[in-house]
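Visitor: I'll drop the sequence and a predicted model, then ask my questions.
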Amino acid sequence: MNNQFGLPKNLGNGLLLRWATPADTEELAEFNVRIHSDNPEKPETWLARWTEDLMRGDHPTTSASDFTIVIDKDADDKIVSSMNLISQVWLYEGVPIGVGRPELVGTDSAYRRRGLVREQFDAVHAKSAARGELVQAITGIPWYYRQFGYGMALDLGGGRDFLWDRPGNDQTVDKETYQIRPAKVTDWPILQTLYEAHNKGSLLSRARDEAGWRYELTIPHPTSMYAKQFYLVETAPSASLSTGVPNPQPVAYVEYKQFGKSYFVRELGVLPGHSWRAVGLFLTRHFKKIADELYEKEEKRLRGVFFGLGQGHPIYEALGRQLEEQRRPYAWYIRVPDLPAFLRHIAPVLEKRLAHSVLAGYSGTCRVNLYKQQFTLVFEDDQLTEVGTYKAKVVDDGDIQFPGTTLLQLIFGQASLDELNAIHPDCYSRQAEPAILFNILFPKRPSWVVGFG
């Protein structure tokens, strides 16, 4: 018998918590539109399409049985609360990490403040743990998920605008050196190479494989927010093939949606040896051309391109002062239920950072106090030999202290130790060496994770 993680479970007052089945799809899709739409007068029907995509059975990691639902047996078994789990693999500086992504968390307004979401998180967290996932990550409203062990610890979104009406940003060229076309399923190997270029410099990224590419290229409903529109940028046909290199050749890829008054670029990668600036400027001209065509058809005026690629993407350096100031990112909520296990898992990254640092050859023990939990990091010649425990004699007993989930912000590169200390005075190191060690182990680094939805 499969482990159902305590479900079905009677929650009292006629409420039953169970895993969903394909038969629940239509009702759950309608429920998610009703619960999650910001304006009931303008329902966000893409939520129904996303729900259907996840429940249909052709998603690489998620099916109807990965949704929890609470039904009211005294009201014709109607769905009153739900969430789901989307499993995926992320890379922490190249080290694969199983990640469970809870999403579509919602409860009917008449049934709130009864602990229904907490009951569902217990089941979803148990299923995620059984799959060997060391991390859970969720996007969502401010503060709410802190109640369930999550902390805002990883950049989500953010970016920079390229506005056509800014002087110098609407230049034309006599002849384009590139062309663009929709990507096909058979393009997935070159897309993977270009995706790796997109991720260059990002501390964390999501691993993609052939099954994932095939799904994202062909299956999601086109109106879903999680439908992808991939395009390949290629060299334009030339009059001469004297070089013997066939034309066209792919040099970049872009994934985007029209959103609001801009074209929203969500992924962009350029092959090594090719100019990010040349590709970026080509794309701004391409988007301007299709924006002008849109205006002629619908009289809808777009203002430019939003490169929604976090805080540190290479395209920002390539376009320089032609971009507007950085729009600050929001944040992923991150949960790491077993920090010692996670640190053991990413030990190769920590050891490499240490070996290439001013503390190269380091041996020693650092006592880390999270106030509610304590552990030790034991190093011998740069190798993390043990993640142990110790018992604090007083509340702040340790070599370095981290209140709440602040350590996650350091581990996931969102903030430096000095920045955390400036905001949280009880996040500090008693001596110089532990601070030096943690600055080496966990440098501030940007990330622009493309989550699997």
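Guide: Yep, that arrived.
Visitor: Touching, Phe287 and Tyr263? I think so.
Guide: Yes - Phe287 lies in contact with Tyr263 (CB atoms under 8 Å); the separation is 4.5 Å. All C-beta atoms are positioned from the backbone trio N, CA, C, and that covers glycine.
Visitor: can you list residues touching both of these two?
Guide: Jointly contacting Phe287 and Tyr263 under the rule CB atoms under 8 Å, 6 or more residues apart in numbering are 302, 304-305.
Visitor: which residues does Glu234 bridge with?
Guide: When assigned by DSSP bridges, Glu234 has beta-bridge partners Gln179, Pro250.
Visitor: Gln374 now?
Guide: Asn369.
Visitor: That one touches Arg367, doesn't it?
Guide: Yes - between Gln374 and Arg367 a contact is recorded at 6.8 Å, counting by CB under 8 Å.
Visitor: what's the helix ranked longest in the chain packed up against?
Guide: Identified as the longest helix of the chain according to DSSP state H is helix 276-298. Under the contact definition 3 or more CB pairs under 8 Å, 6 or more residues apart in numbering; DSSP states H and E, helix 276-298 sits against strand 178-182, strand 230-235, strand 250-259, strand 262-270, strand 304-307, helix 314-319.
Visitor: strands paired with the strand ranked longest in the chain, and their directions?
Guide: In the chain, with assignment by DSSP state E, the single longest strand is strand 78-92. Using DSSP bridges, the strands paired with strand 78-92 are strand 67-72 (antiparallel), strand 95-107 (antiparallel), strand 204-206 (antiparallel).
Visitor: Now the shortest one: average pLDDT?
Guide: What it means is strand 204-206. Model confidence over strand 204-206, given as mean pLDDT, is 98.
Visitor: Which residues does that strand contact?
Guide: 88-93, 154, 199, 412-413, 447-452.
Visitor: how about the helices and strands packed on helix 276-298, which one is nearest Ser429?
Guide: helix 314-319 (32.8 Å; CB to CB).
Visitor: Mind giving me the packing neighbours of the closest one?
Guide: strand 160-163, helix 276-298, strand 304-307.
Visitor: Pull out the buried positions in that helix.
Guide: Buried residues in helix 314-319, counted by 16 or more other CB atoms under 10 Å: 314-316, 318-319.
Visitor: Over to stretch 198-209?
Guide: 198-199, 201-208.
Visitor: likewise stretch 417-433?
Guide: 417, 420-421, 424, 427-429.
Visitor: next one: stretch 213-225
Guide: 213, 215-217, 220-221, 224.
Visitor: Also stretch 15-33?
Guide: 15-20, 24-25, 27-33.
Visitor: Go through those and name the one nearest Gly140.
Guide: Among the buried residues of stretch 15-33, Asn32 lies closest to Gly140 (CB to CB), at 13.8 Å.
Visitor: Please identify the helix or strand for Ser16.
Guide: Actually, residue 16 is Leu rather than Ser. strand 15-19 (DSSP states H and E).
Visitor: How far off centre is the following helix or strand past that strand?
Guide: Going down the chain from strand 15-19, the next helix or strand is helix 25-36, by DSSP H and E. Mean-position distance between helix 25-36 and its chain equals 24 Å (CA atoms, centre = their mean, to the nearest Å).
Visitor: quick one on the thing from earlier: what do Gln374 and Arg367 both touch?
Guide: 390, 397-398.
Visitor: buried subset of the residues you listed?
Guide: Gly398.
Visitor: Take the shared contacts of Gln374 and Arg367 and keep only those in helices.
Guide: Short answer: those have none in helices (DSSP H).
Visitor: would CSV of the shared contacts of Gln374 and Arg367 with pLDDT and distance to Val185 be doable?
Guide: Listed next are the shared contacts of Gln374 and Arg367 as CSV, based on pLDDT from 0 to 100; distance: CB to CB, whole Å:
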residue, pLDDT, distance to Val185
Tyr390, 97, 54
Asp397, 97, 58
Gly398, 98, 53
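Visitor: Which one of the shared contacts of Gln374 and Arg367 is nearest to Asp187?
Guide: Among the shared contacts of Gln374 and Arg367, and counting by CB to CB, the member closest to Asp187 is Gly398, at 51.9 Å.
Visitor: The closest one - nearest residue in space that isn't next to it in sequence?
Guide: Leaving aside its chain neighbours, Gly398 sits nearest to Asn369 (3.1 Å; criterion: CB to CB, 6 or more residues apart in numbering).
Visitor: residues touching the one you found, list them.
Guide: So Asn369 contacts 392, 396-402 (CB under 8 Å, 6+ apart).
Visitor: Quick one: buried ones out of those residues?
Guide: Buried, going by 16+ other CB under 10 Å: 392, 398-402, out of these.
Visitor: and which of those is nearest Gln258?
Guide: Once CB to CB is applied, the member of the buried ones among the contacts of Asn369 that ends up nearest Gln258 is Phe402, at 42.3 Å.
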